[in-house]
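Asker: Need a 3D model of the following:
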Amino acid sequence: MIYTVTFNPALDYVVKMDSLELGMVNRSKSETIFYGGKGINVSTVLKNIGVDSVALGFVAGFTGKEIEDGVKTMGVKTDFIQLKNGLSRINVKIKAEQETEINGQGPDIKKDELQQMFDKLDKLQSGDCLILAGTIPASLPSDIYEQIMEKLMNRNIDIVVDATKNLLLNVLKFHPFLIKPNNHELGEMFGVVLKSDDEIVEYAKKLQVMGARNVLISMAGDGAILITETGEVHKIGVPKGTVVNSVGAGDSMVAGFTASYLKDHDYMEALKRGTATGSATAFSEGLATADKVEELYKQL
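Answerer: Numbering: from 1, shown residues only. Now for the predicted structure:
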């Protein structure tokens, strides 16, 4: 079974308008609500492509109930922890001439509530896969990813980490199955600007030396590069299409790659599926659907 963790899920309130004028009353053209959070995105896309997962995380208050109910309505299995106090956050995303985001802080998570998460994770079994994605709320220890991975060491559980900078670098010693920085994030980790595929491969291999098993580098319109634990280097382009939504594209790539690899244990096939799934989200208003993924997969 695949499990995803979203520490700080949100209701994403997307508002479209012709223009945004500060200090004035603005009128929207449309509003849409999505159930946000990187782990939730991964679980949603997995469900859309016919793969079951369990979404773990913390929810609070009436907004938390709406998140859990909404995710269940989409067919995703959930095992969220209900916090005693606070409210799950609302993120306001304004799409006008430019995109503007106001992201909420989210509720405090107490030590006993965090222990409930550890108890749930302790029930994972050999052959399961855990996907850790996104930032960490201020109320949690900054090394929470490390704590989780240390507890699950030597249990034959594949762990995927989609995070940035030190949050990612600090978990490499626990040998995650897959990490997925983009090319800009990869450069930031080493304080360099990467200008060629050869440089991207060079620095991705440094992450392997530090402990990562497989490194998937997403490069937006330039495709992706995968360096496998067997020493293979694969590069792939992207299918044709118009980008209308970048939110969740990286999460979708993780979902497509992970689902494909766990099924066929073929890295190149997983790279193709991951790329098609990420593109399916980028070329759509919402998250990738199975039909869109298949359409784009045929181009690769």
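
Asker: wait, what's in contact with the residue lying closest to Gly75 once chain neighbours are set aside?
Answerer: Distances taken as Cβ to Cβ, 6 or more residues apart in numbering put Lys47 closest to Gly75, at 4.9 Å, once the chain neighbours are dropped. To be clear about C-beta, it is placed using only N, CA and C from the backbone, and glycine gets the same treatment. Each residue near Lys47 by Cβ atoms under 8 Å, 6 or more residues apart in numbering is listed here: Ser53, Met74, Gly75, Val76.

Asker: Could you identify the most distant pair in the residues you listed?
Answerer: Using Cβ to Cβ, the two most remote members of the contacts of Lys47 are Ser53 and Met74, lying 11.7 Å apart.

Asker: Which residues in stretch 20-31 does the neighbour count mark as buried?
Answerer: Within stretch 20-31, the residues that qualify as buried are Leu20, counting by 16 or more other Cβ atoms under 10 Å.

Asker: chain center to the host helix or strand of Thr44: distance?
Answerer: Counting by DSSP states H and E, the element that carries Thr44 is helix 38-48. On the basis of Cα atoms, centre = their mean, to the nearest Å, helix 38-48 sits 8 Å off its chain's mean C-alpha point.

Asker: Using PDB, list the CA coordinates for that helix.
Answerer: Extracted in PDB, the C-alpha atoms of helix 38-48 (Å, rounded to 0.1, in the frame of the first residue of the first chain):
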ATOM      1  CA  LYS A  38       1.200  17.900  -1.500                       C
ATOM      2  CA  GLY A  39       0.400  14.500   0.000                       C
ATOM      3  CA  ILE A  40      -3.300  15.000  -0.700                       C
ATOM      4  CA  ASN A  41      -2.400  15.900  -4.300                       C
ATOM      5  CA  VAL A  42      -0.400  12.700  -4.700                       C
ATOM      6  CA  SER A  43      -3.200  10.600  -3.200                       C
ATOM      7  CA  THR A  44      -5.800  12.300  -5.400                       C
ATOM      8  CA  VAL A  45      -3.800  11.700  -8.600                       C
ATOM      9  CA  LEU A  46      -3.100   8.100  -7.600                       C
ATOM     10  CA  LYS A  47      -6.800   7.500  -7.300                       C
ATOM     11  CA  ASN A  48      -7.500   9.200 -10.600                       C
END
